[in-house]
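S.K.: sequence? don't have it. structure:
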């Protein structure tokens, strides 16, 4: 299972989190976010990484700007976390054919799941996050996991939204995503990761793997 730790802002934390077992790191490219990092910051952090996937998170950004940042930082993936249309995803897919394209959906009601299928031909991966009226992500709010038990997408998917070391076992007992995405659940403050919490997360995942 993929484990993505999002909202990385510090080079030493990025390297340490990769060493603890993360398979992907997320960099917030939304200027209004408290976890925002510049092109220069992303490039500096990525220089210290080895094989981990490097995902830029965007919202309300043009295809041209996304391509510029990907080229400047050697990101391996792009996560769209706004209200991007399937057509926008198709255009971005055409511009970045070798970059993983992840489309995030903020789930408020069961009906929100129905619109996801229109994106399957245009993206590689989908991500389900909790809805918040002002914030795009990193809210600490969990999804209603029971409503997702019948979710069977045609693409690999990440579960996000309020996950932390204390509730990850309960979440994965109910759902079987291809990956998990954590941000605020392993932080001291926005953008400042708590390595003790990250270590505890991987200990919990390791315990699940052994018991399985």
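M.R.: Looks like it arrived, so ask away. Treat the numbers as computed from the prediction; the structure is a model and nothing was measured.
S.K.: hey, which helix is longest across the protein?
M.R.: In the chain, with assignment by DSSP state H, the single longest helix is helix 195-211.
S.K.: where's the lengthiest strand in the chain relative to the chain centroid, distance-wise?
M.R.: Counting by DSSP state E, the longest strand found in the chain is strand 100-107. Its chain's C-alpha centre and that of strand 100-107 lie 8 Å apart, by C-alpha atoms, centre = their mean, to the nearest Å.
S.K.: Likewise for stretch 96-110?
M.R.: For stretch 96-110, the distance to the chain centre is 9 Å (C-alpha atoms, centre = their mean).
S.K.: Flag every buried residue along that stretch.
M.R.: For stretch 96-110, the neighbour count (16 or more other C-beta atoms under 10 Å) marks 96, 99-107 as buried. No exception for glycine: its C-beta is placed from N, CA and C like everyone else's.
S.K.: again, but for stretch 42-59
M.R.: For stretch 42-59, the neighbour count (16+ other C-beta under 10 Å) marks 42, 45-46, 49, 52-59 as buried.
S.K.: Tell me which residue lies nearest the centroid of this protein.
M.R.: For the chain, the residue nearest the mean C-alpha position is residue 181 (4.8 Å; C-alpha atoms, centre = their mean).
S.K.: need the contact list for it.
M.R.: 4-6, 26, 127, 129, 158-160, 163 (C-beta atoms under 8 Å, 6 or more residues apart in numbering).
S.K.: Downstream of the helix or strand where it lies, the next helix or strand is which one?
M.R.: Assigned by DSSP states H and E, residue 181 falls within strand 179-182. Proceeding N to C from strand 179-182, the next assigned helix or strand is strand 187-189, under DSSP H and E.
S.K.: any idea of the mean pLDDT for that following strand?
M.R.: In this model, strand 187-189 carries a mean pLDDT of 97.
S.K.: just checking, what packs against the next helix or strand after that strand?
M.R.: Using DSSP H and E, the next helix or strand after strand 187-189 towards the C-terminus is strand 192-193. Counting by 3 or more C-beta pairs under 8 Å, 6 or more residues apart in numbering; DSSP states H and E, the packing neighbours recorded for strand 192-193 are helix 11-20.
S.K.: Just want the angle from the helix or strand just after the helix it packs on to helix 11-20.
M.R.: Later in the chain than helix 11-20, the nearest helix or strand by DSSP H and E is strand 24-28. Interaxial angle, strand 24-28 versus helix 11-20 (axes from the mean of the first three to the mean of the last three C-alpha atoms, to 10 degrees): 150 degrees.
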